[in-house]
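*Asks:* Below are the sequence and a predicted model; questions follow.
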Amino acid sequence: MSTTPDGPAPGQGGVEWVYSSTSSEQLIERYDTWSASYEAEMEDNYGWSAPRKTAEVVQKHVPLDGRILDAGVGTGLVGQLLYEAGYTNLDGFDFSPEMLAQARLKNVYSDLRQMELGITLDYGTNSFDTVTCVGVLTLGHAPVSSLDEMVRITKPGGYVIYSMRPDYREPAGFVAKEAELESAGLWKLTEATEPVQTMPKGIPDALMQIWVFEVTG
């Protein structure tokens, strides 16, 4: 379906619209446009539950005083849920300035920056106890090399926790990258949740899993 310059074509949802982007620049522009209505649409049209499910997994593994980086923060849904659960040492970044503006309104992050996964992140090595990444490691978004930087900025004994469609992992190279990092002694698998629907209203066949790796090197 074709798109208009200002938003999705009639009958096209926001998820399908951003996934049809043909460049990083267009992807950012579309997230900027979508930012104000993103949360309402994801709830009403898709039943988006990955932020809540990820926050529940974080609570199983990460102490409340842990320093957490929300990578690809979006409008701050994950941070808001973690803050409500008692986590107050939260940082985040996103490549969309308008999505970041929405996240700032929540007043739950200590630091928010505009950055993009796939390049060197502006954080020191071993800076965080946990890095979360929800809905970002997906088609047309962050590349598999993003995992290298997540590991670098996470302290040994900390966690990298991310959501991903199980049918996307292997063809996109994430299974091989995960094995490479494990073979190098940089992390080990702690938990992989069962596949669940996280957009049951709009895309019911889009299953999602949450992966938890403990950084060891």
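*Replies:* Thanks, I have it. Numbering: from 1, shown residues only.
*Asks:* how's the protein carved up into domains?
*Replies:* For the chain, automatic domain parsing gives the domain ranges 14-46, 50-215.
*Asks:* where do the helices sit along this protein?
*Replies:* 14-19, 24-34, 38-41, 50-61, 77-84, 97-104, 146-153, 166-169, 174-183 (DSSP state H).
*Asks:* in the longest one, what's buried?
*Replies:* Yep, that's helix 50-61 we're talking about. Neighbour counts over helix 50-61 (16 or more other Cβ atoms under 10 Å) mark 50-51, 53-55, 57-58, 61 as buried. Where you see a C-beta, it was placed from the backbone N, CA and C, and this is true even at glycine.
*Asks:* Ok, the third one next?
*Replies:* Using 16+ other Cβ under 10 Å as the burial criterion, the residues of helix 38-41 that qualify are 38-39, 41.
*Asks:* ok, longest strand in this structure?
*Replies:* Taking DSSP state E as the criterion, the chain has its longest strand at strand 154-164.
*Asks:* residues of that strand that come out buried?
*Replies:* Under the neighbour-count criterion of 16+ other Cβ under 10 Å, strand 154-164 has 154, 158-164 buried.
*Asks:* try stretch 30-38
*Replies:* Under the neighbour-count criterion of 16+ other Cβ under 10 Å, stretch 30-38 has 30-35, 38 buried.
*Asks:* cool, stretch 143-151 as well?
*Replies:* 144, 146-147, 149-151.
*Asks:* what does that stretch contact?
*Replies:* With contact meaning Cβ atoms under 8 Å, 6 or more residues apart in numbering, stretch 143-151 is reached by 71, 117-121, 131, 133, 136-137, 160, 162, 172-174, 176-178, 181, 186-187, 215.
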